[in-house]
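Enquirer: Kindly return the folded structure for what I paste below:
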Amino acid sequence: MFRYADRRLTLAQKTAIQEFVEKLFTKEKTPLARINYIFCSDEYLLAINRSFLQHDYYTDIITFGLSAPGKPVEAEIYISTERVKDNAGQLDISFRDEMLRVIFHGALHLCGYKDKRKADIALMRKREDHYLKLFLKASVH
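Expert: Next up, the predicted model:
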């Protein structure tokens, strides 16, 4: 589930995070076949953004759903560890919490959540916060 392009991810509890993502799909009533999270650099993700989305800017995450409509979710989610680190610093939160939020964000997109309109963004943030709190609470025990 966790793969590496040109960056490694140093993050505790990788197996627990992967299992939690599977639970997120169950809670969201979305069948899951497979997700590959691919961790990379800003430049690697910028090249993907330019090539596939015709966007010429840095981003922290790009989600590609690969399954046919009505079929269990198969996807690739690319995450720039550099962008997540930078965002965490700007938001004055830990790298771990921001990475978890981004991981859950990609999963929520695949469950049908959007983030283009204000109302959609607010709902997405609410669900991210919900799952972040659930994971952090579960990982304390």
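Enquirer: Find the residue at the geometric middle of the protein.
Expert: Ile103 (2.6 Å; C-alpha atoms, centre = their mean).
Enquirer: for that one, helix, strand, or coil?
Expert: helix (DSSP: H, G, I helix; E, B strand; the rest coil).
Enquirer: so who does it touch?
Expert: Applying C-beta atoms under 8 Å, 6 or more residues apart in numbering, one finds that Ile103 lies in contact with 17, 21, 37, 77, 79. Every C-beta, even on glycine, is put in place using the N, C-alpha and C of the backbone.
Enquirer: who wins for most neighbours among the residues you listed?
Expert: Ile79 (26 neighbours; other C-beta atoms under 10 Å).
Enquirer: quick one: it is in a helix?
Expert: No - according to three-state DSSP, Ile79 belongs to no helix; its state is strand.
Enquirer: Show me what it is bridged to.
Expert: Beta-bridge pairing for Ile79 (DSSP bridges): Phe39, Ile61.
Enquirer: right, and it touches Ile38 too?
Expert: Yes - contact criterion C-beta atoms under 8 Å: Ile79 and Ile38 qualify, at 7.2 Å.
Enquirer: Next, the buried residues of the helix or strand of the chain at the bottom of the mean pLDDT ranking.
Expert: Lowest by mean pLDDT, DSSP states H and E among the helices and strands of the chain is strand 2-4, with a mean of 89. If you call a residue buried by 16 or more other C-beta atoms under 10 Å, then strand 2-4 has these buried ones: Phe2.
Enquirer: who touches that strand?
Expert: So strand 2-4 is contacted by 9, 14, 18, 36-40 (C-beta under 8 Å, 6+ apart).
Enquirer: Please pick the buried ones from those.
Expert: 9, 37-40.
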